[in-house]
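Participant: Fold the following, please.
(chains A and B)
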Amino acid sequence: KAGVTQTPRYLIKTRGQQVTLSCSPISGHRSVSWYQQTPGQGLQFLFEYFSETQRNKGNFPGRFSGRQFSNSRSEMNVSTLELGDSALYLCASSQSQGPQETQYFGPGTRLLVL
Amino acid sequence: AQSVTQLGSHVSVSEGALVLLRCNYSSSVPPYLFWYVQYPNQGLQLLLKYTSAATLVKGINGFEAEFKKSETSFHLTKPSAHMSDAAEYFCAVSANAGGTSYGKLTFGQGTILTVHP
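Facilitator: Now for the predicted structure:
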């Protein structure tokens, strides 16, 4: 099976712009989670989607949003970009719901905000 | 709420030496614990996970970890380090805590492992 894919891999934006990142989960996986990774804050949970429904959300401002489509592909959007949004954004998929489920990570999208 | 503490942001070992990366967790309900590895410019790869079936968990690349409830620990070990083990390692916890836990892994700050020839 193909792994989790994320596009684009690299992105440069300027402050105030918005950005959309895409994630395609492993075939058959229905849960998609998003994480932000920065040197200062480490890996932080953004949100999780299962069957097109957001079930959980981390402590991020409303500028961060996401959605999931019927084929389980997911997108996250960040509006009004700030310098502090520069980070590696990781998407992970799991087969089903449940805390015991293994999350499989994609390679990430590295976002640089200038 | 869950939390993870990884003791030591940097660990350096010689090739062939024992690798020990420390992880302590906090959870109000029985936890599920994971170790992931991240190589530069890559995502996270699962090394192993604890799901209460056995306290000693064997993973890929010769790594293993032991769940010790009394010590709230889940330390990662490998008997003999290889140069290819150099990477950053993350311990993570998830738990069945209702709606606040769906799809959420809580990570430690990571430990960078350096292997010297």
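
Participant: Can you pull the residues of chain A lying near chain B?
Facilitator: A:4, A:31-33, A:35, A:42-43, A:45, A:48-50, A:55-56, A:58, A:90, A:92, A:94, A:97-100, A:102-108 (Cβ under 8 Å from any Cβ of the partner chain). For glycine as for every other residue, the C-beta is placed from the backbone atoms N, C-alpha and C.

Participant: Now the buried members of the residues you listed.
Facilitator: A:4, A:31-33, A:35, A:43, A:45, A:48-50, A:55-56, A:58, A:90, A:92, A:94, A:99-100, A:103-108 (16 or more other Cβ atoms under 10 Å in any protein chain shown).

Participant: check whether the helix or strand residue B:93 falls within contacts chain A.
Facilitator: In this assignment (DSSP states H and E), residue B:93 forms part of strand B:87-95. Yes: judged by Cβ under 8 Å from any Cβ, strand B:87-95 comes into contact with chain A through B:90, B:92, B:94-95.

Participant: any chance of those residues in a markdown table, plus neighbour count and pLDDT?
Facilitator: Formatted as a markdown table, the residues of strand B:87-95 next to chain A follow (neighbours: other Cβ atoms under 10 Å in any protein chain shown; pLDDT from 0 to 100):
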| residue | neighbour count | pLDDT |
| --- | --- | --- |
| B:90 | 25 | 98 |
| B:92 | 25 | 97 |
| B:94 | 23 | 90 |
| B:95 | 21 | 80 |
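
Participant: nearest to chain A, of these?
Facilitator: residue B:94 (3.9 Å; Cβ to the nearest Cβ).

Participant: For the closest one, give the beta-bridge partners.
Facilitator: Using DSSP bridges, the beta-bridge partners of residue B:94 come out as residue B:32.

Participant: isn't it right up against residue B:107?
Facilitator: No: when contacts are counted by Cβ atoms under 8 Å, residue B:94 is not listed as touching residue B:107 (10.3 Å).

Participant: Give the burial count for whatever residue of chain B ends up closest to chain A, as a bare number.
Facilitator: Chain B approaches chain A most closely through residue B:103 (2.8 Å), counting by Cβ to the nearest Cβ. Residues near residue B:103, counting by other Cβ atoms under 10 Å in any protein chain shown, number 25.
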